[in-house]
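coords please:
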Amino acid sequence: MRNRFLEVHLNSSSGRIARSFKIPKITFFLLIGILSCIFIFMFVSTIILFSNSQDYQYANISRKEINEHLSSKINQESPNIEINFISPIASEHFYISKEFNNSYHQGVDIISKKGSDVRASAIGSVIYSGNDNTYGKIIILAHKNNFYTFYGHLDTSFVKRHDFITKNELIGLVGETGQATGPHLHFEIWDEWSFKDPLALIESFKKKNLTGKN
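The predicted model follows:
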């Protein structure tokens, strides 16, 4: 019977108070187990919270941060890497109403009927699907060789972050969210160094260009 208990002795620093009592071994080990579980739970919870906070910060990338990042690299030499982009508007009924200008308009505006299909211009993955103060509901796709495409003023988004997207896959619908005067898609192409002119990279845009730019 003696081995079933642990003897615990407590003494004050002065030695004037002393206590001695027995704890059943099963109770002692149960207490140790509970404390260990609490410690593990707190440790894992801390890891998860930290991970989620980092993910939240990344997921809420702002358009201002994108502009600042690319502006810092604008004078660097961009490598000549080929990638074939297609028009993000599936319908034939669209036209380019505003051209690319690296200073104030880093993409093109594509006029199309509200609710028209918006498709991925190249194979890639979703790095952001959410809202922007200027461009309303947006989607940003990452492609091979550090290329990215940006889709703004969407009425609807059908994708979420981390989704793998195939070329020409339906990702959203044309809308007029954000600061838009009518239904259209604001579309951009950029890489790690600079903004690209979609009119120079997508052949079908040339026939639909009403801006006067060749």
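
what about Ala200, which SS state?
Following DSSP: H, G, I helix; E, B strand; the rest coil, the label given to Ala200 is helix.

isn't Gly136 right next to Gly152, touching?
Yes - here Gly136 reaches Gly152: they are 6.5 Å apart, a contact under CB atoms under 8 Å. For the C-beta atoms, the positions are set from N, CA and C on the backbone; glycine is no exception.

Overlap of the contact sets of the two?
Applying CB atoms under 8 Å, 6 or more residues apart in numbering, one finds that Gly136 and Gly152 are jointly contacted by Gly178.

Which one's more surrounded, the two?
More crowded of Gly136 and Gly152, by other CB atoms under 10 Å: Gly152, with 25 against 18.

So Ile139 is in contact with Gly124, correct?
No - the pair Ile139 / Gly124 is not scored as a contact, 10.6 Å apart, by CB under 8 Å.

contacting residues for Arg161?
Taking CB under 8 Å, 6+ apart, we find Arg161 in contact with 59, 126-129.

are any of those buried, and which?
By neighbour count, with 16 or more other CB atoms under 10 Å, the contacts of Arg161 hold 126-129 as buried.

What helices and strands are in contact with the strand ranked longest in the chain?
Ranked by number of residues, the top strand in the chain under DSSP state E is strand 147-157. Strand 147-157 is packed against strand 124-132, strand 136-143, strand 170-174, strand 184-190, with contacts defined by 3 or more CB pairs under 8 Å, 6 or more residues apart in numbering; DSSP states H and E.

now, of those strands, which is deepest in the fold?
Neighbour counts (mean count of other CB atoms under 10 Å) averaged over each of the helices and strands packed on strand 147-157 peak at strand 184-190, with a mean of 24.

which outside residues touch that strand?
So strand 184-190 is contacted by 70, 85, 88-89, 97, 106-112, 118, 121, 135, 147-154, 174, 176, 180, 195-198, 201 (CB under 8 Å, 6+ apart).

go on, stretch 162-176?
86, 89-90, 112-126, 136-137, 139, 141, 151, 153-159, 182-185.

Buried among the residues you listed? Make that a ChimeraX selection.
A single ChimeraX command selects the buried members of the contacts of stretch 162-176 (16+ other CB under 10 Å):
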select :86,89,112,116,117,118,119,120,121,122,123,124,126,136,137,139,141,151,153,154,155,157,158,159,183,184,185
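
Great, nothing more from me.
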